[in-house]
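In: predicted model, plus sequence, below.
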Amino acid sequence: MTERKIYKYASFFIMIGLVIAGLRVLNWVPLVADKGLMREYGDIGEVEKKLSFGRIYAPHYFPQTFKWPPSRVFAQAKPFKAVMLEFRDVENGRTALLITQAVSPDFDPRGELTVAEIKEKALCNIKGMEAFLEAGSCQSPPSGPYDIECGRISWQYRDYHLRVIARTTPLELIKIAESMVD
């Protein structure tokens, strides 16, 4: 191989490296420029500190089948305040509880845990507030049959729209929701 060919190959690989490095920097710039966009945080305290979020409504009642602390915490301050807490199942490690808190009622992140088949809908009372409860089943695994009991409950509390989705019974879901508010 001649020196000229070696020089061409070396130049090519250096250019590829520079392009990759440049793309990584461009991908990182929005996070530095605008810290309020949706991203993952280490824990609830980090969200409260970095985004001046105020109180994040986490449950005080926590079934033993769910791992504490949250396995993933996502939050944003723009275009509106929102936070999502994800908790895992102790036995299988899959997402078993998902809590969202947002200023906008339209905030509905599509996560690993969704109620795929709704069997019952009802209005219920969460410490004097009207809540909407949906009971049904989730898929297991995501492409499998709808065979895992789960539900969703949502309500307005102060300035936030709260939503709890969990692989559990409706009664457990109501207990979790009630433990989140004063």
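Out: Thanks, I have it. Numbering: from 1, shown residues only.
In: helix or strand right after the helix or strand bottoming out on mean pLDDT in the chain?
Out: Lowest by mean pLDDT, DSSP states H and E among the helices and strands of the chain is helix 3-33, with a mean of 76. Scanning forward in sequence from helix 3-33 by DSSP states H and E, the next helix or strand is strand 39-41.
In: can you show me the strands along this structure?
Out: For the chain, applying DSSP state E gives strands covering 39-41, 72-76, 82-88, 95-102, 117-126, 129-139, 146-157, 160-166.
In: just how off-centre is the last one within its chain?
Out: By that I understand strand 160-166. 11 Å (Cα atoms, centre = their mean, to the nearest Å).
In: and for the fifth one?
Out: Relative to the mean C-alpha coordinate of its chain, strand 117-126 is positioned 22 Å out (Cα atoms, centre = their mean).
In: backbone phi and psi for the closest residue in space to residue 127 that isn't next to it in sequence, please?
Out: Distances taken as Cβ to Cβ, 6 or more residues apart in numbering place residue 181 nearest to residue 127, at 5.5 Å, with adjacent residues excluded. (C-beta placed from N, C-alpha, C; glycine too.) Phi and psi for residue 181, reported as degrees, to the nearest 10, are phi -110, psi 160.
In: now residue 181: how far from residue 162?
Out: 8 Å (Cβ to Cβ, to the nearest Å).
In: which parts of the chain belong to which domain?
Out: 1-33, 39-178 (automatic domain parsing).
In: ranking the ones you listed by mean pLDDT, which is last?
Out: Mean pLDDT values for the domains of the chain show the minimum at domain 1-33, a mean of 76.
In: check the offset of that domain from the chain's centre.
Out: With Cα atoms, centre = their mean, you get 35 Å for domain 1-33.
In: same question, stretch 106-119
Out: On Cα atoms, centre = their mean, the centre of stretch 106-119 falls 11 Å from the chain's centre.
In: what's the first-to-last distance across that stretch?
Out: This stretch, stretch 106-119, spans 23 Å end to end (Cα to Cα, to the nearest Å).
In: all numbers from here: first residue = 58
Out: Sure thing, new numbering starts at 58, so read that last one as stretch 163-176.
In: identify each buried residue in it, please.
Out: Using 16 or more other Cβ atoms under 10 Å as the test for burial, stretch 163-176 gives 164, 170, 171, 172, 173.
In: which residues touch that stretch?
Out: 131, 137, 139, 141, 143, 151-155, 157, 191-196, 199, 203, 207-209, 218, 220, 222-224 (Cβ atoms under 8 Å, 6 or more residues apart in numbering).
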